[in-house]
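Trainee: Sequence plus the predicted model coming up.
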Amino acid sequence: MAAALELFVEKGFAGTRLEDVAARAGVSKGTLYLYFDSKEALFKAVIQEGIVPILEEGAGLVDNFAGSSADLLRALIGEWWQRIGNTPLAGVPKLMISESGNFPELATYYHDTVIVRGRDLMRRTLQRGVASGEFRDIDIETAIDVIFAPVLMMVIWRHSLGACCGASARHDPQAYLQTHFDLALNGLAASRSPA
């Protein structure tokens, strides 16, 4: 799985050959075919084993979180960054953006398996905050996009211009995320009447 992920991110889906994955993993191509009958099946396995468990843990976090909705939002994005954004899995969003037109069936799979679940976690968090009065009443579906966009932009940037344009093109992830939380949470906060 690690070899496949590296090559998908490095070469793209179209440019990755099963022979290359087998070579990088140190196995024969025949061995690879014992487990995966196609490159598409291998890609789906990378998503199922790499990203889906993190989303499932996120669902448990949302279901059982006892703190504020602001803290839950911070925890969700923080966990996403630590478990996906700051790992080789961070290359998958850029891969999907660049390859979706050529491989619509994989884009649909990724959408249904990852994006729909991720949006549900964010939706439930925002609904929780609105229902408790912590967040103001907002267009939740649009807010999901607005909250996700900067975080996705950071990983896309890291796997594109940030990878080739030197230190000046790189963001400090902690400073970036702190600024994002500050802007998002202040924008979401319900106004308080002066006492």
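Mentor: Here it is on my side, so go on.
Trainee: Helices of the chain, start to end?
Mentor: Using DSSP state H, the helices found in the chain span residues 2-15, 18-25, 29-35, 39-50, 52-64, 69-80, 91-99, 104-110, 116-132, 140-158, 161-164, 173-188.
Trainee: So which bits of the last one are buried?
Mentor: It refers to helix 173-188. Pro173, Tyr176, Leu177, His180, Phe181, Ala184, Leu185, Leu188 (16 or more other C-beta atoms under 10 Å). Where C-beta positions appear, they are placed from N, C-alpha and C, glycine not excepted.
Trainee: from memory the first one sits against Trp80, does it?
Mentor: So that's Pro173. No. Assessed by C-beta atoms under 8 Å, Pro173 is found out of contact with Trp80, at 11.7 Å.
Trainee: Give me the buried positions along stretch 88-97.
Mentor: Those would be Pro88, Leu89, Ala90, Gly91, Val92, Pro93, Lys94, Leu95, Met96, for stretch 88-97 by 16+ other C-beta under 10 Å.
Trainee: can you list the residues that contact it?
Mentor: 2, 5-6, 8-10, 12-13, 46-47, 50-51, 83-84, 106-107, 110, 152, 155-156, 158-160 (C-beta atoms under 8 Å, 6 or more residues apart in numbering).
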